[in-house]
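> with the sequence up front, the predicted model follows.
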Amino acid sequence: MLLFSALVFAAATAAGFIGSLTGLGGGVVITPVLALLFHVDLRYAMGASLVSVIATSSGAASAYVREGFSNVRIGLFLEIATTTGAIVGAVIATHTPTGALSIIMGVVLLFSAYSSTRSHEDHVETTADPLALRFRLNGEFPADGRTQRYTVQRVKAGFSMMFGAGVTSGLLGIGSGALKVIAMDRLMRIPFKVSTATSNFMIGVTAAASAGVYLRRGWIVPDVTMPVILGVLAGSLLGARWLSGAPVRILRLLFAVVVGALAIEMIYGGVTGKL
Amino acid sequence: MNVGDERLDRVVSGVLRSGVLLSAALVLAGGLGFLVSHRHDIPNYRTFHAEPAPLSSIHGVARGAFGLHPLYIIQLGLLILIATPVVRVFTCAAGFAFERDWTYAIVSLIVLALLIAGVGFGL
């Protein structure tokens, strides 16, 4: 038991460390690592992953909020979609065989490995969606000592995609930060820094919505989750300290390769019925 | 963004930080207690059997934690962690109501209601 906890703690620390350095969130690798390396049942692994997602989100969001990047209004407004989706996703998850869940997870992992290697550029547009005006979503953020204003586009499309991100989060016990960032950055044309900070802020609330379902179903086990969340917290704190001067590009690529390999293992395990 | 928003941001940030710290402390304390008494157990989480009912309900966890059972102390820490974003949304609702921003007070309350419904849907 000591060895098991120590090894899980070490793996979770590494995941949290790389996750916070690359901004991809280590949560996405927790479930496959627990299921494939430590032979933990997929449902326990998803429960531990979901709770660790809340831990890193709340930890990182407290810093982001103070720096003024995240937009609380956009976050809350879109959380209506993500929490509804998360509850739907979690209820579906409790009625889905684990083999199917691990295949879906593999596909989502492949997608995040792919999207993490792509670069981002901001598009500044001057006209805003009338809904963005109605809900006062447009905002500003600190850039190079000045405040940069931005407007929000395609609110309805973004809102719908957020529902999808919520379903994915509840179905797989992940934060689905990648999908949230795509909805805000690509669809709603919110600046990338604001999108990632706001996404981080939203992840905890989304995960909390499905955590109730997971808890009542007995998927959240204290002895498995304990080393995971302590490790992820320690790792992300270390990562935040070391942020400047880190070879982020190489780390991103490395992370993408690891996630891709885990994805293929998950799909294989699901198809052969081992998971 | 106005001055009120900035103050709300600071309160929200504080709520998140204290939730995570309190939870981590409980999980660490419970975890050490658990490892001391179970250090020779062989871990086996390969097969799924739903957690015993007391560990899956808020009431059961609170009772066990007051009895100082290590597993229940860990679980209490996890529950506090899960509750942290819920408290955050509640703080936002109160903050927006205080600023008389009724649109966002209602938006926050809808999210809060959905979060509470999530626990009910686990049945």
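Here it is on my side, so go on.
> give me the neighbour count for the residue in the stretch 151-275 of chain A positioned nearest to chain B.
Distances between the stretch 151-275 of chain A and chain B by C-beta to the nearest C-beta are smallest at A:Arg216, namely 2.6 Å. All C-beta spots, glycine's among them, are computed from the backbone N, C-alpha and C. When neighbours are defined as other C-beta atoms under 10 Å in any protein chain shown, A:Arg216 has 23 of them.
> which parts of the chain are helices?
I'll assume chain A. A:2-22, A:27-32, A:42-67, A:72-93, A:98-116, A:130-134, A:155-172, A:177-182, A:192-216, A:222-241, A:248-272 (DSSP state H).
> I was after chain B.
Under DSSP H, chain B gives helices at B:3-38, B:58-66, B:70-98, B:102-120.
> check the gap between B:His38 and A:Leu3 for me.
12 Å (C-beta to C-beta, to the nearest Å).
> looking at the two, which is more packed in?
Taking neighbours as other C-beta under 10 Å, B:His38 and A:Leu3 compare with B:His38 leading, 15 against 9.
> which residue is the nearest non-sequential neighbour of that one?
Among residues not flanking B:His38 along the chain, A:Met1 sits closest, at 5.1 Å (C-beta to C-beta, 6 or more residues apart in numbering or on different chains).
> just the pLDDT at A:Met202, thanks.
With respect to pLDDT, A:Met202 scores 91.
> picking that back up, looking at the helices of chain B, which is buried most?
helix B:70-98 (a mean of 23; mean count of other C-beta atoms under 10 Å in any protein chain shown).
> show me what that helix packs onto, helices and strands only.
helix A:42-67, helix A:72-93, helix A:192-216, helix A:222-241, helix B:3-38, helix B:58-66, helix B:102-120 (3 or more C-beta pairs under 8 Å, 6 or more residues apart in numbering or on different chains; DSSP states H and E).
> pLDDT below threshold where in chain B?
B:1-4, B:120-123 (pLDDT under 70).
> burial measure for A:Ser195, as a count.
Counted with other C-beta under 10 Å, A:Ser195 comes out at 26.
> that one and B:Leu16, how far apart?
Distance from A:Ser195 to B:Leu16, by C-beta to C-beta: 19 Å.
> so which of the helices of chain B is nearest A:Thr127?
Proximity to A:Thr127 (C-beta to C-beta) singles out helix B:102-120 among those, at 21.7 Å.
> run the angle between that closest one and helix A:192-216 for me.
30 degrees (axes from the mean of the first three to the mean of the last three C-alpha atoms, to 10 degrees).
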